[in-house]
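**Q** Below is the sequence, then the predicted model.
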Amino acid sequence: MSNKNREELRGLGQFWTPAWIAKVMVAYFLDGKQKELFDPAVGAGAFYVALKELDKKRQIKFYGTDIDQGVIKEAFNHKIFDNKSVVEMRDFIKEPPMKTFPAIIANPPYIRHHRLSTDTKKLLKQISYKYTGCDIDGRAGIHIYFLIQSLGLLENGGKLSFIMPSDTCEGVFAKKLWSWIGNNYCIEKVVTFESEATPFPNIDTNAIIFFISKNPRQSVFEWIRVKKESDQLLNYLLNKNCDFSDLEIIKRDTEEALFTGMSRRPTKKSQYKYRLSDFAKVIRGIASGANDYFFITRQKAEELGIPSKYFKLALGRTRDVEGNIITANDLKKLEEKGRPTLLLSLDNQRKEDLPKSLRDYIEIGEKNNLQHKALISTRNPWYKMEKRESPKFLFAYLGRRNARFVMNQADVIPLTSFLCVYPLSDDEKYINKLWQILNNPKTINNLKLVGKSYGSGAVKVEPKSLANLPIPEEVIMQAGIEPIYAKEQQKTLQKTLFEFAYY
Ligand SMILES: C[S@@+](CC[C@H](N)C(=O)[O-])C[C@H]1O[C@@H](n2cnc3c(N)ncnc32)[C@H](O)[C@@H]1O
């Protein structure tokens with residue numbers, strides 16, 4: 001396992017659970033009632049090691065499966081597994097066990113959807129239908145299906161402990177997933193971590209532990225935030241009476257948590273009256289389908305001899321904008337640095353009607369088979385580019401703690417590293433005030449209520465979720481600005497609570 005490179009590890013989703021976390025997760029099953037514990041993604045046996053240490057009387061039998069024979073063998077060589085355990089090489093997705101279990105534990109493989117084959121994706125769809133009765137958005141990674149299938153294999157009254165990335169609660173599929181879980185299972189405890197206490201310091205992900213049982217839903221559950229790595233969490237779960245100052249323990253309303261997302265802190269009823277969609281529209285930047293080809297430097301455009309009217313000024317990387325404003329002068333500087341700033345923006349003109357320089361360039365694209373690339377092949381002709389008005393603000397959405405709204409004074413059109421924000425009024429004063437409101441630290445701080453969080457503190461926000469960004473009323477009042485949309489829709493403004501948490 002140690003000599004695999006990072007790519008191989010990613011392909012198999014092999015990120016081992018640290019001992020302090022494995023013990024915490026095993027502690028959930030030490031209620032004296034459990035006879036058997038199943039780990040569908042056993043790997044090097046982190047949970048079995050913890051079980052041997054904590055289940056002193058060795059009452060709990062262990063069953064594990066994994067697809068990586070090498071890892072299992074190595075664990076056997078290290079005498080990790082013994083006669084109280086059965087471990088087999090088996091694909092949990094393709095060949096799940098034909099029985100149910102009283103207890104299931106896992107750190108499932110974290111393999112993002114774009115690494116999965118079409119056949120695997122088909123199988124995952126079937127799994128989702130079989131257990132939840134609905135289709136989960138295709139962007140869910142394989143870990144989500146490990147959770148669904150494991151919950152499906154739980155006996156009545158059975159218990160499950162899973163450690164998952166926070167996209168489980170924040171991804172586009174989260175609403176459906178948690179509506180199914182919330183209606184059919186009992187969320188007993190959820191553990192989240194401050195970045196200082198992250199279980200996986202080398203991976204940019206926020207981990208969450210779920211303790212769920214197959215019992216009727218309870219109206220409250222315990223939401224625990226770990227501030228520092230220590231024995232306190234284990235002691236707490238083992239009902240020991242000691243110092244728990246490293247933990248924040250909240251009795252949390254299940255309904256609120258299901259709406260807000262369990263990775264996030266509890267939100268209060270009607271805390272926010274306004275959201276970004278009351279002031280502006282949001283659309284993602286342009287997806288060219290092949291930036292290397294369509295998005296080029298001014299120098300290259302000149303060398304190719306393509307007339308400038310076929311290009312639009314564009315911006316590719318968040319790094320290309322330093323502050324909160326981008327001007328024509330900044331674009332010039334980017335050009336001088338040799339950064340691409342021109343996007344080939346053809347419509348559906350016929351090739352033969354275009355100048356020779358462009359026809360030649362289109363042929364270069366065809367020789368490189370660009371017309372067959374996934375996104376490009378949906379366009380007719382293939383070189384037709386998406387269209388956008390240049391937005392007043394660009395939202396740099398995957399910042400390392402520095403998400404911001406950039407005033408677009410350069411009339412550029414952004415590519416997908418940005419979202420386009422179009423204020424609902426053309427009035428200059430309104431636009432300036434809105435820009436201040438959006439960049440107010442209190443507004444920026446709310447991004448975590450709608451975005452996907454990463455271990456490092458970065459937040460990624462999709463267009464729909466940015467439209468749902470709650471804007472504090474005090475910030476609006478200070479700026480003296482009227483929400484246009486809200487004014488038009490006074491009646492519908494009585495929004496349901498927590499509505500903004502989903503997209
Ligand atoms: C994140 S590791 C966890 C291993 C171990 N349980 C731990 O907590 O340290 C996930 C494991 O899932 C295995 N895996 C990946 N796809 C699988 C599949 N379809 N069926 C069973 N195991 C799989 C990987 O080989 C890897 O060992």
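**A** Happy to help now that I have it. Small disclaimer: the values here were computed from a predicted structure and weren't measured. Numbering: from 1, shown residues only.

**Q** CA only for contacts and neighbour counts going forward, please
**A** Noted.

**Q** So which bits of the protein are right by the ligand?
**A** Counting by CA under 6 Å from any ligand atom, the chain comes close to the ligand at 12-17, 40-46, 65-68, 90-93, 106-109.

**Q** Of the residues you listed, grab the buried ones for PyMOL.
**A** Filtering the residues of the chain next to the ligand down to the buried ones (16 or more other CA atoms under 10 Å) takes a single PyMOL command:
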select buried, resi 13+14+15+16+17+40+41+42+43+44+45+46+65+66+67+68+90+92+93+106+107+108+109
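
**Q** Just the ones of the residues of the chain next to the ligand in strands?
**A** 65, 66, 106 (DSSP state E).

**Q** need those in CSV with distance to residue 25 and pLDDT, can you?
**A** Below are those laid out as CSV (distance: CA to CA, whole Å; pLDDT from 0 to 100):
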residue, distance to residue 25, pLDDT
65, 18, 98
66, 19, 97
106, 9, 98
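
**Q** Same list (those) but as TSV, adding distance to residue 205.
**A** Putting these into TSV (distance: CA to CA, whole Å) gives the following:
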residue	distance to residue 205
65	25
66	23
106	17
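
**Q** Look up the closest residue to residue 459, ignoring the ones flanking it.
**A** Nearest non-adjacent residue to residue 459, counting by CA to CA, 6 or more residues apart in numbering: residue 453, 4.6 Å away.

**Q** surely the one you found meets residue 447?
**A** No: counting by CA atoms under 8 Å, residue 453 does not reach residue 447; the two are 9.4 Å apart.

**Q** circling back: can you check what pLDDT the model gives the residue nearest to residue 459?
**A** We note a pLDDT of 80 for residue 453 in this prediction.

**Q** for the stretch 151-300 of the chain, what spans make up the helices?
**A** Applying DSSP state H, counting those that start in this stretch to the stretch 151-300 of the chain gives helices spanning 167-170, 174-184, 232-237, 254-260, 291-294, 298-304.

**Q** ok, how many other residues are close to residue 469?
**A** Per other CA atoms under 10 Å, the neighbour tally for residue 469 reads 27.

**Q** what sits against it?
**A** Listed by CA atoms under 8 Å, 6 or more residues apart in numbering, the contact set of residue 469 reads 275, 276, 277, 443, 446, 447, 449, 450, 500.

**Q** Can you name the two of the residues you listed that sit furthest apart?
**A** The distance between the two most remote of the contacts of residue 469 (CA to CA) is 15.1 Å, for 277 and 449.

**Q** I'd like to check which residues are in contact with residue 198.
**A** By CA under 8 Å, 6+ apart, the neighbours of residue 198 are 206, 207, 229, 455.

**Q** So in the protein, which strand runs the longest?
**A** Identified as the longest strand of the chain according to DSSP E is strand 154-165.

**Q** which residues sit against that strand?
**A** Contacts for strand 154-165 (CA under 8 Å, 6+ apart): 25-26, 28-29, 100-108, 110, 143, 147, 150-151, 205-215.

**Q** the domain parsing of this structure - what is it?
**A** What the record gives for the chain is the domain set 6-260, 276-290+320-327+388-501, from automatic domain parsing.

**Q** wait, residue 35 sits on residue 57?
**A** No: checked against CA under 8 Å, the pair residue 35 and residue 57 is beyond contact range at 11.6 Å.

**Q** Tell me which residue lies farthest from the centre of this structure.
**A** Residue farthest from the centre of the chain, counting by CA atoms, centre = their mean, is residue 356 at 44.8 Å.

**Q** re earlier: minimum pLDDT in the contacts of residue 198, which residue is that?
**A** Among the contacts of residue 198, residue 455 carries the weakest pLDDT, at 70.

**Q** Regarding that one, what is its secondary structure?
**A** Assigned by DSSP: H, G, I helix; E, B strand; the rest coil, the conformation of residue 455 is coil.

**Q** Tally up the residues packed near it, please.
**A** If you count neighbours by other CA under 10 Å, residue 455 ends up with 22.

**Q** ok, now residue 303?
**A** As a burial measure, residue 303 scores 10 neighbours (other CA under 10 Å).

**Q** next one: residue 389
**A** Residue 389, neighbours per other CA under 10 Å, totals 10.

**Q** thinking it is in contact with residue 413, fair?
**A** Yes: Residue 389 is in contact with residue 413 according to CA under 8 Å; the separation is 7.2 Å.

**Q** show me the residues around the closest residue to residue 88 other than its chain neighbours that make contact.
**A** Nearest non-adjacent residue to residue 88, counting by CA to CA, 6+ apart: residue 65, 5.0 Å away. By CA under 8 Å, 6+ apart, the contact set of residue 65 is 39, 40, 41, 42, 43, 87, 88, 89, 90, 91, 92.

**Q** Can you give me every residue that contacts the residue in the stretch 251-400 of the chain positioned nearest to the ligand?
**A** Nearest residue of the stretch 251-400 of the chain to the ligand: residue 263, at 19.3 Å (CA to the nearest ligand atom). The contact partners of residue 263, taken as CA under 8 Å, 6+ apart, are 166, 169, 170, 192, 208.

**Q** at 10 Å instead, please
**A** By CA atoms under 10 Å, 6 or more residues apart in numbering, the contact set of residue 263 is 165-170, 190-193, 206-209, 223, 225, 257, 448-449, 452-453.

**Q** Could you do residue 245 as well?
**A** By CA under 10 Å, 6+ apart, the contact set of residue 245 is 226, 227, 228, 232.

**Q** The same query, at a cut-off of 7 Å, please.
**A** Contact analysis of residue 245 by CA atoms under 7 Å, 6 or more residues apart in numbering lists nothing.

**Q** How about residue 424?
**A** By CA under 7 Å, 6+ apart, the contact list for residue 424 reads 279, 280, 281, 484.

**Q** Would you mind giving those as a markdown table with neighbour count, distance to residue 293 and pLDDT added?
**A** Shown next, in a markdown table, are the contacts of residue 424 (neighbours: other CA atoms under 10 Å; distance: CA to CA, whole Å; pLDDT from 0 to 100):
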| residue | neighbour count | distance to residue 293 | pLDDT |
| --- | --- | --- | --- |
| 279 | 23 | 36 | 93 |
| 280 | 20 | 32 | 94 |
| 281 | 17 | 29 | 94 |
| 484 | 15 | 40 | 70 |
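
**Q** Go through those and flag which are in strands.
**A** Members of the contacts of residue 424 lying in strands (criterion: DSSP E): 280, 281.

**Q** Which pair of the contacts of residue 424 spans the longest distance?
**A** 281 and 484 (11.5 Å).

**Q** quick one: what helix or strand has residue 313 in it?
**A** For residue 313, the enclosing helix or strand under DSSP states H and E is strand 311-315.

**Q** Appreciated, that's everything.
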